[in-house]
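Asker: next come a sequence and a model predicted from it.
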Amino acid sequence: MTPKPLSPVKPTGMELVFFYLCPHCGHELPLVAPSQPTMISCEMCRQNYPIVPVDEHTVQFVKLMLADGAAAVDPDFF
């Protein structure tokens, strides 16, 4: 029996990823839209450092404009 081909799956949501450069070793650490100031630990050198948070309203605006991912995959999205 031949397996049925799978249809591509559309996204059901989205997140914005921001990259923070470690000031100790230069490694880029990806974080999903951090909206609060915090300390993070580098995956490579294990040093801690503070990050500047992103504006939550801007993240919400981008997600709204892209209909939580739907408009990003369909150029004719209305």
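Answerer: Structure received.
Asker: low-confidence ranges, the chain, go.
Answerer: 78 (pLDDT under 70).
Asker: please repeat the previous calculation with a cut-off of 80.
Answerer: For the chain, the stretches flagged by pLDDT under 80 are 1-2, 75-78.
Asker: could you pull out the strands for it?
Answerer: 17-21, 28-32, 38-41, 48-51 (DSSP state E).
Asker: ok, the nearest residue to residue 37 once chain neighbours are set aside to residue 1 distance?
Answerer: Closest residue to residue 37 apart from its sequence neighbours, by Cβ to Cβ, 6 or more residues apart in numbering: residue 53 at 5.2 Å. All C-beta atoms are positioned from the backbone trio N, CA, C, and that covers glycine. Per Cβ to Cβ, to the nearest Å, residue 53 is found 53 Å from residue 1.
Asker: likewise residue 16?
Answerer: Between residue 16 and residue 1 the computed distance is 43 Å (Cβ to Cβ).
Asker: those two - which one has more neighbours?
Answerer: Comparing residue 16 with residue 1 by other Cβ atoms under 10 Å, the one with more neighbours is residue 16, at 13 against 3.
Asker: these two touch, right, that one and residue 31?
Answerer: No - using Cβ atoms under 8 Å as the test, residue 16 is too far from residue 31 to be in contact (9.7 Å).
Asker: to what extent is residue 68 buried, counted in neighbours?
Answerer: If you count neighbours by other Cβ under 10 Å, residue 68 ends up with 14.
Asker: sorry, wrong one. I was asking about residue 22.
Answerer: Count around residue 22 with other Cβ under 10 Å applied: 19.
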